[in-house]
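S.K.: How does the following fold in three dimensions:
(one chain, ligands or ions: 1)
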Amino acid sequence: MSLYRDEGVVLRTQKLGEADRIVTILAKRTGKIRAVAKGVRRTTSRFGARLEPFTHVDLQLHTGRTLDVVTQAETLRPYGEALAADYPRYTAGSAMLETADRLTHGEKEPALRQFLLLVGGLRTLADREHEARLVLDAYFLRSLAVAGYAPALDACAKCQAPAIRAFAIVAGGVVCGACRPAGSAVPAGETIGLMTALLRGDWATADASESRHRSECSGLVAAYLQWHLEHGIRSLRHVEREPV
Ligand SMILES: [Zn+2]
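M.R.: Down below sits the predicted model:
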């Protein structure tokens, strides 16, 4: 039996048998872990609520043949408590957990930057420093950038021309008038400025933005994320089917 320690954020849980759960954790050093928490659904469980989604935990696990087993769990910060009382923050946090899960494909592939972004995003949400929608959009843009999908925001994604006309998801960001695909969105310049500020972590600019630009930004970022998640999953399937 081989023991190891790590800290991580619980992304989701699923029932296993009568009293156990499979817990999916994004861990700092190990990457994504799926592990069994035995007896966790009993009221007398020694784990209590420590293995619920949103909780940042310090863990000890032992390596199993198929799934590892959680042997100790200590709460570092229970973000779920801070978020549960505020519906917009709770839904934003849930979207972060799901995105972190989907942007980290393999189990036990280290994903330190995704882990740090997730912890930073949950902390910012829980601390109520900024509007939940802005925190979520900043998290989406930065986690996509870490995954290699940063949108072009300074110059045309296709020809690098500095004169920006529209935002085209399939092209990978802003595009000029000549490269603009039919039907692409034409957002306000302030909306592209807000996306740039969120991607860079420029909160002074983001907090000063107007509501209509925040709404437009959220719509574009959500569509951009959705496209890349579907595209990412498609390319993963393609890789798996390729002959070795
Ligand atoms: Zn162009």
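S.K.: which of the residues in the lengthiest strand in the chain are buried?
M.R.: Counting by DSSP state E, the longest strand found in the chain is strand 3-16. Buried residues in strand 3-16, defined by neighbour count with 16 or more other C-beta atoms under 10 Å: Asp6, Glu7, Gly8, Val9, Val10, Leu11, Arg12, Thr13, Leu16. C-beta: built from backbone N, CA, C; applies to glycine.
S.K.: out of the residues you listed, who's nearest the ion?
M.R.: Nearest to the ion out of the buried residues of strand 3-16 is Leu11 (C-beta to the ion; 38.4 Å).
S.K.: Relative to Ile22, how far out is that closest one?
M.R.: According to C-beta to C-beta, to the nearest Å, Leu11 stands 11 Å off from Ile22.
S.K.: Could you do Cys217 as well?
M.R.: 36 Å.
S.K.: What about Gly121, how many residues nearby?
M.R.: By other C-beta atoms under 10 Å, 26 other residues sit near Gly121.
S.K.: Let me see the mean pLDDT of the longest strand of the chain.
M.R.: The pLDDT scores in strand 3-16 average 97.
S.K.: next one: stretch 216-231
M.R.: Mean predicted confidence for stretch 216-231 is 92.
S.K.: List the buried residues in that stretch.
M.R.: So stretch 216-231, judged by 16+ other C-beta under 10 Å, has buried residues Glu216, Cys217, Ser218, Leu220, Val221, Tyr224, Leu225, His228, Leu229.
S.K.: again with stretch 130-150
M.R.: Neighbour counts over stretch 130-150 (16+ other C-beta under 10 Å) mark 130-144, 146-147, 149 as buried.
S.K.: for the ion, what are the nearby residues on the protein?
M.R.: Taking C-beta under 5 Å from the ion as the contact definition, the chain meets the ion at Cys156, Lys158, Cys159, Ala161, Cys176, Cys179.
S.K.: For the chain, which segments count as helices?
M.R.: 79-84, 87-103, 112-127, 132-146, 189-200, 203-207, 211-241 (DSSP state H).
S.K.: May I see the ones you listed organised as a markdown table, with distance to Ala73 added?
M.R.: Shown next, in a markdown table, are these (distance: least, C-beta to C-beta, whole Å):
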| stretch | distance to Ala73 |
| --- | --- |
| helix 79-84 | 14 |
| helix 87-103 | 17 |
| helix 112-127 | 16 |
| helix 132-146 | 25 |
| helix 189-200 | 33 |
| helix 203-207 | 33 |
| helix 211-241 | 29 |
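S.K.: and Gly39, which of those helices is closest to it?
M.R.: helix 79-84 (20.3 Å; C-beta to C-beta).
S.K.: what does the closest one rub up against?
M.R.: 9, 49, 52-56, 89-90, 93, 122-123, 125-126 (C-beta atoms under 8 Å, 6 or more residues apart in numbering).
S.K.: Of all these, the one with the weakest confidence?
M.R.: Pick the lowest pLDDT in the contacts of helix 79-84 and you get Ala49, at 84.
S.K.: Is it in contact with Pro78, as I believe?
M.R.: Yes - using C-beta atoms under 8 Å, Ala49 is in contact with Pro78, at 7.4 Å.
S.K.: residues shared between the contacts of the two?
M.R.: Looking at what touches both Ala49 and Pro78 (by C-beta under 8 Å, 6+ apart), the common residues are Thr55.
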